[in-house]
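got a predicted model here, sequence first, then my questions.
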Amino acid sequence: MCGIVGAVAQRDVADILLTGLQRLEYRGYDSAGMAVLSPAAELQRVRRLGKVEQLANALQQHPMTGGTGIAHTRWATHGQPSEANAHPHQSGSLVVVHNGIIENHAELRRQLEAQGYVFESQTDTEVIAHLIAEQRRQGVELLQAVMVVRKQLTGAYGMAVMDQQLPEQLVVARSGSPLVIGVGIGEHFVASDQLALLPVTQRFAFLEEGDVALLQRHDYQVFDLNDQAVERRVQESTVEHDAGDKGAFRHYMLKEIYEQPHAIRQTLAGRLENGELNLEALGDLSDIEQVQIIACGTSYHAAMTARYWIESLAQLPCNVEIASEFRYRRSVVRPRSLLVTISQSGETADTLAALRLAKEIGYQRTLTICNVPGSSLVRESDVALMTCAGVEVGVASTKAFTTQLVALLLLTAALGRGRGLDVHQQAALTDALQQLPDLIDKTLSMNADIQALAQRFAEKHHALFLGRGSQYPIAMEGALKLKEISYIHAEAYAAGELKHGPLALIDAEMPIIVVAPNNQLVEKLKSNIEEVRARGGELTIFADEAAGLTTSDNVTVLPVTHCDNLIAPIVYTLPLQLLSYHVAVIKGTDVDQPRNLAKSVTVE
Ligand code: G6P
C-alpha cells in the first residue's frame, strides 16, 4: 500500500528515487510523485496520475538535480487517484510522503482549516504536512516537530518528511507501515522495502513500531516511541540484487511461476536432508492441543489446505480464519493452542492486528509462516518458519503460495510427531516432499497445452472452479487468480455442494474447471462432473493420468503427472496459475499490476 523512497546524499538522487519507485510499484501504482531539493535548495516537485512510467516521462521533460529527495507511488485510500492527490504533499517549504491511513484526519483537517490552512487535496496525508509546518512555524526543529505531530495522529503511517530550510535532512517515522533505512557511505536512504534500495546499498537498519529517525548524509539517529535514542542493528541483506528484474520473461508472474521448483528446494533446504526432517527450529510442539491459523487472500487458501493436513496427519483440531474477521469478533482461546499466521509480506495490516489481538486474548504460542525476514509478523511472533521463495513482485501470488504449502507440510510433520503421524506416514511425507521440485518441473511442461486452451476462457464473463477435499482450497485459489488478473468473475465450490445452488448457473456460457487427482474422492468427483455435463456445462479437467477421465463431448481432460495425494494440492496449483496467466495475457490486462490491487496491504 503505497511505496516510499527517500535519500540524502551528495550525488543527484532523482534516478535512485525513480529506480526505487519502480521496484516498489508492486505496493501501489495509481499515481506517483517526487520532490528533490536542488543544490540551491529550491524545492522541485513533480507528480503524475498513473504508473511510475508517467512520472519517469515527466522527469525527462523536467530533470531534477540535488542530493536530498523523497518519492512515492500511491494506492489510493482517501481521495481518488489524481495528480492533486498524489504525494508528496506540500505545506510551504515542507513536503511529506505517507503510507497508511490517518483515521482522525477529518477532525485534524477542521482544526487546521480553522487556523487558516488551505487544503489542495482530498487526502488524509495533507494534514500531516500542515501539522508539521505549523510546528516549524513556531520554531520547532524538524525532528521534534515530527515527534510532536505523530502523537496527534491515530491510524497507521510510514512517512518521510523534507524541509527546504534544512536541505541535508530527512525525518522519517513508522507506525503500522514498514520503513527501512539504507545505510551508505556518506549517504543514507529510506524505503518501504529494502528491495527499492538494493541498487545502492546492501546494509539496512529496520525501523521498529513507533520509531522516528533523522537521516543526514554522514549519520542517522533513531528514537523510539518515547523519543529516546535507540540503536537499530545494521543487517547485511541477503536478498539478491536482481530479484526485481524480469529477466527473459514477459511478466514477473510467469517468471515467478517458473521459479517454483527452485523456491521449493530453497524452502526445504536444511529442513529435509537425505530423507531426514530437521525441524528443531520450530521448538517443542508436543504440548500443543489445537491450532488456529489466520491469514488473508492467497495465504488464507494455504491455511485452508493445511487444515486438511493438520487434522488428518497430526490429528490436532485446526481452525482457520480470515484475519479481518478474526480481529473483530470474540473468539474462544483453548488452552495449549498454537496461533499460526501466514503471510507472504509479513506486513498485512489485518494479519498483524489479528496476531496482536490473539496475544492479548491469551494465545501463548505464536508462529508465523512468512517470506520476508525482518518483517513485522516475523518480529512479533515467537517462531518464524520462513518460506524461501525469494522476492515475489507480481501482485498475484504464485511461488509464495506453493512455498507456504511446503512450509505447512513441514509444520504438520513437526506437529504430528508423537501424535497421529506414524513412521510410515512420516517416511511417505518426506518422500513426497523430496520428489516435489521435480514434479513441479514436469507439471510446468503443461504450459503450451494450457496456453492453447486459454483462448476459450478469454471471452467468458464467469467461471466456476470445482475441487473436493484438500483440492477445494486449490480451486478457490484458482478462482482468485483468474479474477485478480483477468477480471473474469470466478467462484470456487466444493464439488459436493453443486446441487445445493450452483448447478442453476450451468450453461454453455459458464466454463467449469475441475482439479481431479486420483484420490479416494475421485469417484465422487466423477459423479459431480456428470451432473454438470448432463446440464450442458463445458468442463476443463486437470486430472491425474490414472484417474480414468478422458476427453469427450464438452469435456477436455488435461493429464497431470501422477503424484502422491499429500502433495497433490501443491502440484495442481500450477496448471491453475498458468491458466489464469494465459487468459490474462490474451485479454491484455496488466498481469503483474492488476487494477485496483496492491501486493502488500498495509492498511485495513
Ligand atoms: C494482497 C495480495 C495477495 C495476498 C494478500 C495477503 O491482497 O494482493 O496476493 O495474498 O494481500 O498478503 P500476505 O502478504 O499477507 O500474504
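Done, it's in. Source: prediction; values computed, not measured. Numbering: from 1, shown residues only.

give me the number of residues near the residue of the stretch 401-550 of the chain found nearest the ligand?
Going by Cβ to the nearest ligand atom, the ligand is nearest to residue 484 of the stretch 401-550 of the chain, at 7.1 Å. Quick note: C-beta positions are derived from backbone N, CA and C, even for glycine. Counted by other Cβ atoms under 10 Å, the residues lying close to residue 484 total 25.

going forward, count from 11.
Let's use 11 as the start, then, which means that last one is residue 494.

helix, strand, or coil at the closest residue to it other than its chain neighbours?
Residue nearest to residue 494 in three dimensions, not counting chain neighbours: residue 406, with 4.8 Å by Cβ to Cβ, 6 or more residues apart in numbering. Under DSSP: H, G, I helix; E, B strand; the rest coil, residue 406 falls in the coil class.

residue contacts, residue 65?
Going by Cβ atoms under 8 Å, 6 or more residues apart in numbering, residue 65 touches 28, 31, 42, 43, 44, 56, 57, 58.

6 Å instead, please
By Cβ atoms under 6 Å, 6 or more residues apart in numbering, the contact list for residue 65 reads 42, 58.

export the helix or strand harbouring it as CSV, just CAs?
According to DSSP states H and E, residue 65 maps onto helix 62-71. The C-alpha trace of helix 62-71 is given here as CSV (Å, rounded to 0.1, in the frame of the first residue of the first chain):
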residue,chain,number,x,y,z
VAL,A,62,5.7,5.3,-12.3
GLU,A,63,6.4,5.3,-16.0
GLN,A,64,4.3,8.5,-16.3
LEU,A,65,6.5,10.1,-13.7
ALA,A,66,9.6,8.9,-15.4
ASN,A,67,8.4,10.6,-18.7
ALA,A,68,7.7,13.8,-16.8
LEU,A,69,11.1,13.8,-15.3
GLN,A,70,12.7,13.5,-18.7
GLN,A,71,10.9,16.8,-19.5
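
just after that helix, pick out the following helix or strand.
Using DSSP H and E, the helix or strand that follows helix 62-71 in sequence is strand 78-84.

so what strands line up beside that following strand?
Strand pairing for strand 78-84, using DSSP bridges, gives strand 13-18 (antiparallel), strand 41-47 (antiparallel).

the ligand: which of those strands is closest?
That would be strand 13-18 among the strands paired with strand 78-84, by Cβ to the nearest ligand atom, at 14.3 Å.

quick one: mean pLDDT over whatever helix or strand comes next after that closest one.
Beyond strand 13-18 in the direction of the C-terminus, DSSP H and E gives the next helix or strand as helix 24-34. Taken as a whole, helix 24-34 has an average pLDDT of 95.

and residue 252, what's its pLDDT?
65.

and what of residue 610?
On pLDDT, residue 610 comes in at 78.

for it, give me its contacts.
By Cβ under 6 Å, 6+ apart, residue 610 lies in contact with 37, 355, 357.

which intervals of this protein have sub-threshold pLDDT?
11, 250-254 (pLDDT under 70).

tell me which residue in it sits closest to the ligand.
Counting by Cβ to the nearest ligand atom, the chain gets nearest to the ligand through residue 307 (2.8 Å).

show me what contacts that residue?
Residue 307 makes no contacts at all, as judged by Cβ under 6 Å, 6+ apart.

my guess is residue 36 contacts residue 403, does it?
Yes - under the criterion of Cβ atoms under 6 Å, residue 36 makes contact with residue 403 at 5.4 Å.

of these two, who's got more company?
Comparing residue 36 with residue 403 by other Cβ under 10 Å, the one with more neighbours is residue 36, at 26 against 22.

would you list the phi and psi of that one?
For residue 36, the backbone dihedrals are phi -60, psi -20 (criterion: degrees, to the nearest 10).

thank you kindly, that will do.
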